[in-house]
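[1] Structure of the sequence below:
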Amino acid sequence: KTPCDWDSTITRPEATIDKVVKFGGVYFSSGKLYWLEERPDEGGRSVLCEYAPDDPKKSKRNGIDVSPQGTNVRTRANED
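    Reported below is the predicted structural model:
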């Protein structure tokens, strides 16, 4: 072992469950908090989410999806 090695109790499947690759931005509008998240388990789809900690359908991040299932809110405006 090297000085950087350690025994972890986290397994590979646990480390990838409900993984979010990146947040595309955080926005505050009309008293509500929104963010974009890219979901690798849904083909990299970008989803607009709203902070809703009291909603029974909330995610582990206390948010609900604002964009409909199957839609992608990602823009390619600045891509070649």
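[2] Which stretches in this protein count as helices?
    Per DSSP state H, the chain carries helices over the ranges 12-16.
[3] quick one: low-confidence parts of the chain?
    Residues of the chain meeting the criterion pLDDT under 70: 1-22, 75-80.
[4] Okay, strands next: where are they in it?
    Per DSSP state E, the chain carries strands over the ranges 22-29, 32-39, 45-51, 63-65.
[5] Name the strands paired with the last one and say parallel or antiparallel.
    Strands adjacent to strand 63-65 in the sheet, as given by DSSP bridges, are strand 45-51 (antiparallel).
[6] Output the strand it pairs with as CSV - backbone C-alpha positions only.
    Taking Å, rounded to 0.1, in the frame of the first residue of the first chain, the C-alpha atoms of strand 45-51 are listed here in CSV:
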residue,chain,number,x,y,z
ARG,A,45,-30.3,14.0,-20.5
SER,A,46,-30.3,17.5,-18.9
VAL,A,47,-33.2,18.1,-16.5
LEU,A,48,-34.5,21.4,-15.0
CYS,A,49,-35.2,20.7,-11.3
GLU,A,50,-36.9,22.8,-8.6
TYR,A,51,-36.0,22.7,-4.9
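[7] Check the separation of the first and last residues in stretch 38-51.
    Here the two ends of stretch 38-51 are set 16 Å apart, with distance taken as CA to CA, to the nearest Å.
[8] Make TSV out of the strands of the chain and add mean neighbour count and distance to residue 74.
    (Glycine included, C-beta is placed from N, CA and C.) Formatted as TSV, the entries for the strands of the chain read as follows, by neighbours: other CB atoms under 10 Å; distance: least, CB to CB, whole Å:
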stretch	mean neighbour count	distance to residue 74
strand 22-29	11	8
strand 32-39	16	8
strand 45-51	19	4
strand 63-65	17	14
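[9] Can you say which of these is nearest to residue 73?
    strand 45-51 (5.0 Å; CB to CB).
[10] and of the strands of the chain, who's closest to residue 72?
    strand 45-51 (4.7 Å).
[11] so that closest one versus strand 22-29, what angle?
    40 degrees (axes from the mean of the first three to the mean of the last three CA atoms, to 10 degrees).
[12] Many thanks, we can stop here.
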